[in-house]
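*Asks:* Can you look at this prediction? I've put the sequence above it.
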Amino acid sequence: MASGTQLPVDDGHALPPEGERRRDFLHVASASVAAVGAGAVVWPLVNQMNPSADVLALASIDLDLSAIQPGQAIKTSWRGKPVFARHLTPAEIEAANKVDVASLRDPQSLADRTKPGNAQWLITLGVCTHLGCVPLGAGQGESRGDFGGYFCPCHGSHYDTAGRIRKGPAPLNLNVPDYVFKTPTSVTIG
Amino acid sequence: MSFPWARQYQPTTEFGKFMDSRLPLPRFVYGALGAGYPTPKNLNYFYNFGVLAGVALVIQIITGVVLGMHYAADTRVAFDSVEHIMRDVNGGWMLRYMHAVGASFFFGVVYVHIFRGLYYGSYKPPREVLWMLGLVIFLLMMATAFMGYVLVWGQMSFWGAAVITGLFSALPIVGEAIQTWLLGGFSPDNATLNRFFSLHYLLPFVIFGVIILHVWALHIPGSNNPTGVDVKGPQDTVPFHPYYTAKDFFGLGVYLTIFAAVVFFIPNSLGEPDNYIPANPLSTPAHIVPEWYFWPFYAILRAFTVDFFFIPAKLMGVLAMFAAILLLFFLPWLDTSPVRSNAYRPLNRALFWVFLVVCLVLGVAGGKPAEEPWVRLSQIFTAYYFAHFLIITPLVSRFEKTLPLPSSISEAVLAKYGNGPSSSPGTGVGGAAPQPAE
């Protein structure tokens, strides 16, 4: 090369007039790559705590209602949670329909919570919407609370005959799972 | 790190000299809890509880590691493996009772330690970071104790897990997803039990790490003392060893005596009988309660029974329960009084005792079923709990007329116990006090 000519050397430290160095770009670029790499490692560590495939692979269940007499209820288990199936008496249906829906904490009518033509079958999760306890009232001789439905003993939530929250700390009505009537007296939940 | 009159470590043996220039561990111990650590000379027995808490943690770690050799974290056998420890493992009943009772004692000791700090103003400058590290330890202890309780997989274990993870479902939008993520399913099950075992094994060592920071932060300004007055000179201190090593060992003897009495004679008195029933996901116990050391916070959680403006009652209770602890992080800035010790704050001292009673009543209410009069009591005392920190403490620290402070620790001690001519109170001749015997 032409000796005696001093080639300009950019060592990356010199501050060009516009205030950005090539090294700044390298810093940002390597930090970005490191952040993406760290994220790629952290995500599996976080995600491993989500439900595993065998927990998610939950088949729907079939439930035979034919043996449940009016006024009776049964408990079964779906997705590790209890499900209540209750055969309402005409008096209980009437009591549920008499309530002014607008006055409820979680406004729903009995018809919203049952299938058309099957208002006597109240199928709900047996999980209190407060902190997840199993309310009493489905078993023989258990307390049904002040409104004749279910009563959660943990923190004193009272549900009425439509499984709606009426008193106590729970914010919502008992959850109604997805289900369909297969025959007039059997349902598939899930 | 220490006062200028602290004695310096002098290796006396050849081996000591060899080590001192390579790994000065003896020098470190000498300066941290030996004769090289000057400590206020007026510390009372309430200052034993930090060491007792450390011992309680060590007992939990040792018994816990041993129990882990016999326990099986699988929902099908977990409960039986605990009964196996109780009935078949050599001395297993004693190890498990030491671990279960030890948890209660750990919390008891830590509560005394916290209230000691509240009474003598140990959270005030320059010890704010020390105080906050202590609160971090307290939070870690709560998480560890909760997960350990679940491992037994009895009815209270299972339903405790359901209720506590249910707290997170109160958060809007992401709550349900967080709860499912924490449980690894839709209800407490095998995934939950396994991760709780893993974390229950890990967290005590994290606590140990934070304790190292806590003790480090303590050794920068040194211990507070019952007068709350700063150390002014050598006449205010005694070397940690042998004075406080002896006092701590005596206190430890008393503590272990009481601990042994409970372990051997009334080991189940602090527990819930329902936890001797195997977990049943389809049947909730009539009355779910956590262990006694969570009762005050449980009472605050349950105190919110009606919606508060647009915030649902459930979320309100959860927020209040967490706020009850997080509020303590701000205490050094809520209490602006320059006087540390309640010995010189008559009004604040009276309010301290009121606050202690409020916490005890909340504790009783939290252990009772969610019925009247306990719900109403919880509501009233929860309101006072928050008022104490957010209204009463800031106002009192501003307007209170405090008593005159002694000019030094030495003067206060001699005024109380001295028998010489300088024993009359308020003479201000602390500097003339005799040197402590060494």
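*Replies:* Cool, the structure landed.
*Asks:* all contacts plus neighbour counts: C-alpha atoms, from now on.
*Replies:* Noted.
*Asks:* Pull the distance from the particular helix or strand that has residue B:353 in it to the chain's centre.
*Replies:* Secondary structure assignment for residue B:353, by DSSP states H and E: helix B:346-366. Distance of helix B:346-366 from its chain centroid, counting by CA atoms, centre = their mean, to the nearest Å, is 17 Å.
*Asks:* ok, now stretch B:154-170?
*Replies:* Put simply, stretch B:154-170 sits 23 Å off its chain's centre (CA atoms, centre = their mean).
*Asks:* mind saving the C-alpha coords of the helix or strand harbouring residue B:411 as PDB?
*Replies:* For residue B:411, the host element (DSSP H and E) is helix B:409-417. Output in PDB follows, covering the C-alpha atoms of helix B:409-417 (Å, rounded to 0.1, in the frame of the first residue of the first chain):
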ATOM      1  CA  ILE B 409     -26.900   4.500  77.100                       C
ATOM      2  CA  SER B 410     -24.400   4.500  80.000                       C
ATOM      3  CA  GLU B 411     -26.200   7.300  81.800                       C
ATOM      4  CA  ALA B 412     -29.600   5.600  81.400                       C
ATOM      5  CA  VAL B 413     -28.200   2.400  82.700                       C
ATOM      6  CA  LEU B 414     -26.500   4.000  85.700                       C
ATOM      7  CA  ALA B 415     -29.600   6.000  86.500                       C
ATOM      8  CA  LYS B 416     -31.600   2.800  86.700                       C
ATOM      9  CA  TYR B 417     -29.100   0.400  88.200                       C
END
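*Asks:* ok, then the element right after the longest helix seen in chain A?
*Replies:* Assignment by DSSP state H gives helix A:22-47 as the longest helix of chain A. Going down the chain from helix A:22-47, the next helix or strand is helix A:53-56, by DSSP H and E.
*Asks:* Check whether that following helix comes near chain B.
*Replies:* Yes - Helix A:53-56 is in contact with chain B by CA under 8 Å from any CA of the partner chain, via A:55, A:56.
*Asks:* Kindly provide the whole-number mean pLDDT of that helix.
*Replies:* Helix A:53-56 carries an average pLDDT of 79.
*Asks:* try stretch B:258-277
*Replies:* Mean predicted confidence for stretch B:258-277 is 94.
*Asks:* tally of neighbours for residue 27?
*Replies:* The chain I'm using is chain A. 10 (other CA atoms under 10 Å in any protein chain shown).
*Asks:* hm, I was asking about chain B
*Replies:* Neighbour tally, residue B:27, other CA under 10 Å: 18.
*Asks:* Do I have it right that it meets residue B:20?
*Replies:* Yes - assessed by CA atoms under 8 Å, residue B:27 is found in contact with residue B:20 at 7.0 Å.
*Asks:* If we ignore the residues flanking it in sequence, what's nearest the residue of the stretch 251-400 of chain B found nearest chain A?
*Replies:* Nearest residue of the stretch 251-400 of chain B to chain A: residue B:305, at 4.5 Å (CA to the nearest CA). The shortest distance from residue B:305 to any residue other than its chain neighbours is 4.5 Å, reached at residue A:169 (CA to CA, 6 or more residues apart in numbering or on different chains).
*Asks:* Which helix or strand contains that neighbour?
*Replies:* Residue-wise, residue A:169 maps onto no helix or strand under DSSP H and E.
*Asks:* residues contacting it?
*Replies:* By CA atoms under 8 Å, 6 or more residues apart in numbering or on different chains, the contact list for residue A:169 reads A:130, A:155, A:156, A:157, B:302, B:304, B:305, B:306, B:313, B:314.
*Asks:* quick one: buried residues of the longest helix anywhere in chain B?
*Replies:* As far as residue count goes, and with DSSP H defining each element, the longest helix of chain B is helix B:190-219. By 16 or more other CA atoms under 10 Å in any protein chain shown, the buried positions in helix B:190-219 come out as B:190-197, B:200-201, B:203-204, B:207-208, B:210-211, B:213-215, B:217-219.
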